[in-house]
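Visitor: no sequence on this one, just coordinates:
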């Protein structure tokens, strides 16, 4: 039986907010710690940028849930928040080039993602 059965909705909301917050913090910290010259901070960036740590985020979010349904739903939500925060942070840092087709400006601005894959 859940420990906080008197407040199931509050528990559900708190679990959702916690999963979203964990994902967003994870996604923001990974690119923000990249340019820091301190070796310990750079090591933290390397850990946060590795694929296994993203899997560990989802695993830990699911492991922390009391119900099976929340354990199945919240890890992907946390990962979506992390991926969204990661790319928004990289976009704000200017890692990607924005392109506008001047012949058809109604299409809007497109992000040229390939610029980040060019060799230095």
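Guide: It's in. A quick note: this is a predicted structure, and the numbers were derived from the prediction, not measured. Numbers count the residues shown, from 1 in each chain.

Visitor: A strand includes residue 35, no?
Guide: No - counting by DSSP: H, G, I helix; E, B strand; the rest coil, residue 35 is located in no strand; its state is coil.

Visitor: residue ranges of the strands in this protein, please?
Guide: Here the chain has its strands, by DSSP state E, at 97-100, 109-112.

Visitor: now residue 65: how far from residue 44?
Guide: 26 Å (Cβ to Cβ, to the nearest Å). Quick note: C-beta positions are derived from backbone N, CA and C, even for glycine.

Visitor: the more surrounded of those two?
Guide: residue 65 (19 against 15; other Cβ atoms under 10 Å).

Visitor: what sits against that one?
Guide: Contacts for residue 65 (Cβ atoms under 8 Å, 6 or more residues apart in numbering) come out as 15, 71, 74.

Visitor: surely the last one meets residue 60?
Guide: No - taking Cβ atoms under 8 Å as the contact criterion, residue 74 and residue 60 are not neighbours in contact, 10.7 Å apart.

Visitor: Which one of the two is surrounded by more residues?
Guide: residue 74 (24 against 13).

Visitor: per-residue confidence for that one?
Guide: On the pLDDT scale, residue 74 is placed at 90.

Visitor: With residue 30 instead?
Guide: 85.

Visitor: was I right about it contacting residue 86?
Guide: Yes - here residue 30 reaches residue 86: they are 5.7 Å apart, a contact under Cβ under 8 Å.

Visitor: excluding its backbone neighbours, what's nearest residue 59?
Guide: Excluding the flanking residues, the one nearest residue 59 by Cβ to Cβ, 6 or more residues apart in numbering is residue 75, at 7.2 Å.

Visitor: what number of residues lie near that neighbour?
Guide: The burial count for residue 75: 22, using other Cβ under 10 Å.

Visitor: got a list of what it touches?
Guide: Residue 75 touches 19, 57-59, 61-62, counting by Cβ under 8 Å, 6+ apart.

Visitor: so which of these is the most crowded?
Guide: residue 19 (28 neighbours).

Visitor: quick one, what contacts it?
Guide: Residues counted as contacts of residue 19 (Cβ under 8 Å, 6+ apart) are 61, 74-75, 77-78, 81.

Visitor: Thanks a lot, catch you later.
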